[in-house]
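K.L.:
Sequence below, structure please.
(one chain, ligands or ions: 1)
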Amino acid sequence: MNRKKLLAVAAVSLTLISSTAVAEITFRNTITGEPLDMSVAKSGGNETVFQQFKETGKNPYNGDKEAIQKGHDLYLPACSGCHGHEAEGKLGPGLADDYWTYPSATKDQGLFEILFGGAKGMMGPQYVNLSTDEMLMIMSWIRDIYTGDPKKAKWLKK
Ligand code: HEC
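P.N.:
Numbers count the residues shown, from 1 in each chain. Predicted coordinates:
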């Protein structure tokens, strides 16, 4: 095979490979927009659930009673000191109402990006303490205690 043909074959096989692989979401830092380095993520928990989240951008734990309970147990030591026991707000903003500093938080992808990569000031990246599975559970609890306008709950939309 000559060089030209070889290149053509290579190009075709590359296209085939990339079209069969399932697309994954690129998570970005909420403040800088830079892609988040997912290689620093703490492993553990249900990797299948996180994989599903990476492909759909929807938290599979939303509405799952057991995950919501675990999420609450994790929220208390990890977040309540700054956000309040019922996420009513303290040093950090309330997380149960429909006012968001970062409107991206109305989607699960955006909420995850804030948790994993942090935001400004005291809101540091949470990957240091929590696995991605644990973050998804905390997120399911935050969605569960939502008191805001259901119309603004973008995570419920298809
Ligand atoms: C040391 C204090 C501190 C801890 C611990 C902390 N946060 Fe925060 N959080 C903040 C502050 C301060 C802000 C506001 C940052 C900003 O505006 O950029 C914030 C912002 C946020 C936001 C964005 C809210 C909005 O209105 O857009 C979310 C979501 C959030 N935190 C969730 C969490 C969760 C969940 C945890 C636990 C895993 C957590 N935080 C732990 C202090 C903290």
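
K.L.:
Report the contact partners of residue 107.
P.N.:
Taking CB atoms under 8 Å, 6 or more residues apart in numbering, we find residue 107 in contact with 57, 154, 155. Bear in mind the C-beta positions are built from the backbone N, C-alpha and C, glycine included.

K.L.:
could you redo the last one with a cut-off of 6 Å?
P.N.:
Contacts here follow CB atoms under 6 Å, 6 or more residues apart in numbering; on that basis residue 107 touches 154, 155.

K.L.:
how close does it get to the ligand?
P.N.:
The gap separating residue 107 from the ligand is 12 Å, by CB to the nearest ligand atom, to the nearest Å.

K.L.:
give me the number of residues near residue 145?
P.N.:
Residues lying near residue 145 (other CB atoms under 10 Å) number 16.

K.L.:
now the nearest residue to it once chain neighbours are set aside, what's its secondary structure?
P.N.:
Computed as CB to CB, 6 or more residues apart in numbering, the closest residue to residue 145 that is not its neighbour in sequence is residue 96, at 4.8 Å. Secondary structure assignment for residue 96 (DSSP: H, G, I helix; E, B strand; the rest coil): coil.

K.L.:
wait, isn't residue 96 in contact with residue 87?
P.N.:
Yes: at 4.6 Å, residue 96 counts as touching residue 87 under the criterion of CB atoms under 6 Å.

K.L.:
So these two - more neighbours on which side?
P.N.:
Neighbour comparison, residue 96 and residue 87: the larger count goes to residue 87, with 22 against 17 (by other CB under 10 Å).

K.L.:
From the centroid of this structure, which residue is nearest?
P.N.:
Centroid-nearest residue in the chain: residue 112, 2.4 Å away (criterion: CA atoms, centre = their mean).

K.L.:
pretty sure that one belongs to a helix, no?
P.N.:
Yes: Residue 112: assigned to a helix according to three-state DSSP.

K.L.:
Identify all contacting residues around the strand or helix carrying residue 109.
P.N.:
Element membership of residue 109, judged by DSSP states H and E, is helix 108-117. Residues lying outside helix 108-117 but in contact with it, judged by CB under 6 Å, 6+ apart, are 27, 29-30, 36, 57-59, 104-105, 125-127, 135, 139, 155.

K.L.:
Helix or strand next in line after it, which one?
P.N.:
Using DSSP H and E, the next helix or strand after helix 108-117 towards the C-terminus is helix 132-144.

K.L.:
okay but residue 149 is in contact with residue 99, surely?
P.N.:
No: under the criterion of CB under 6 Å, residue 149 lies out of contact with residue 99, with a separation of 10.4 Å.
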